[in-house]
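Peer 1: Build me a model from this:
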Amino acid sequence: MTLNYPRSALIIIDIQNDFCPGGALAVENGDEVIEPLNRLASLFASKEGRVVVTQDWHPSDHSSFGIWPSHCVQGAIGAEFHTALNLEPVNLIIRKGFRKQLDSYSAFFENDRLTSTGLDGYLKALSVDTLVLGGLATDYCVLYSALDAAALGYKTIVAHDAIRGVDLPAGSVDRALKLLDESGIIIIESGELHGF
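Peer 2: I've put the predicted structure just below:
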């Protein structure tokens, strides 16, 4: 698949220590997504595409800690990006979930579905119309980000080899992939993008 890279962006979701093996809310084999994401980031940067990363950034008393273990606390090691993730090609970091009473799965909206993260405005200002997404976790932040991207009118692609899921409750990864497909989102392997 060939993209018009100057009008495309790679959205890398939550590659943070707490979501990788050994972290407070670890996704099994979550660190396996880093290599394909680094390759994609280099490709986008070399062809004048944009690279955006999201970062969960919770206060220490965040409301989501009643549902999930305490994770990605502002300024803590668990909130830092995994050291293997190459941040050099990154144009923008979107921090989300920093309001105490409001969680944020999507890269575009907080979970009230009203509060924007600013990502859509940034991309529209650059005339970006195509997004490639990867990261953690398939059944939560990747899913909601991709669904919002499609709803906002972007051609939306998910790199299957660059995502891993929590699968909690059991079966949620398969349900997420089915929902992505039913929503018209293209699911490919990262190597299918022209430039490798």
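Peer 1: and R95, what does it touch?
Peer 2: 54-57 (CB atoms under 8 Å, 6 or more residues apart in numbering). C-beta: built from backbone N, CA, C; applies to glycine.
Peer 1: Please render these as a markdown table that adds neighbour count, distance to F44 and secondary structure to the earlier fields.
Peer 2: Putting the contacts of R95 into a markdown table (neighbours: other CB atoms under 10 Å; distance: CB to CB, whole Å; DSSP: H, G, I helix; E, B strand; the rest coil) gives the following:
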| residue | neighbour count | distance to F44 | secondary structure |
| --- | --- | --- | --- |
| T54 | 29 | 16 | strand |
| Q55 | 20 | 18 | strand |
| D56 | 27 | 22 | strand |
| W57 | 20 | 24 | coil |
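Peer 1: For the residues you listed, could you give me CSV that also reports distance to D139 and pLDDT?
Peer 2: Listed next are those as CSV, based on distance: CB to CB, whole Å; pLDDT from 0 to 100:
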residue, distance to D139, pLDDT
T54, 16, 98
Q55, 19, 98
D56, 15, 97
W57, 21, 97
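Peer 1: Between those residues, which sits nearest A176?
Peer 2: Using CB to CB, T54 is the member of the contacts of R95 that lies nearest A176, at 17.0 Å.
Peer 1: so what pLDDT did whatever residue is furthest in space from the centre of the chain get?
Peer 2: Going by CA atoms, centre = their mean, the residue of the chain most distant from its centre is D61, 23.4 Å out. pLDDT, D61: 96.
Peer 1: Could you do the one 4 residues further on as well?
Peer 2: Per-residue pLDDT puts F65 at 95.
Peer 1: part of a strand, is it?
Peer 2: No. Secondary structure assignment (DSSP: H, G, I helix; E, B strand; the rest coil) places F65 in helix, not in a strand.
Peer 1: what's it in contact with, if anything?
Peer 2: 58, 71.
Peer 1: State the distance from it to L102.
Peer 2: Noted for F65: a distance of 13 Å to L102, by CB to CB, to the nearest Å.
Peer 1: Kindly export the top strand by length along the chain (C-alpha atoms) in CSV.
Peer 2: The longest strand of the chain (DSSP state E) is strand 155-164. The C-alpha coordinates for strand 155-164 follow below in CSV (Å, rounded to 0.1, in the frame of the first residue of the first chain):
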residue,chain,number,x,y,z
LYS,A,155,-8.7,7.1,6.2
THR,A,156,-7.7,4.8,9.1
ILE,A,157,-5.2,2.0,9.0
VAL,A,158,-4.1,-0.2,11.9
ALA,A,159,-0.7,-2.0,11.7
HIS,A,160,-1.6,-5.5,13.0
ASP,A,161,2.0,-6.5,13.9
ALA,A,162,2.4,-3.2,15.8
ILE,A,163,-0.4,-3.8,18.3
ARG,A,164,-0.9,-6.0,21.4
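Peer 1: So what touches it?
Peer 2: Residues contacting strand 155-164 (CB under 8 Å, 6+ apart): 1, 27-30, 32-33, 36-37, 40, 129-138, 142, 146, 149-150, 180, 184-191, 193.
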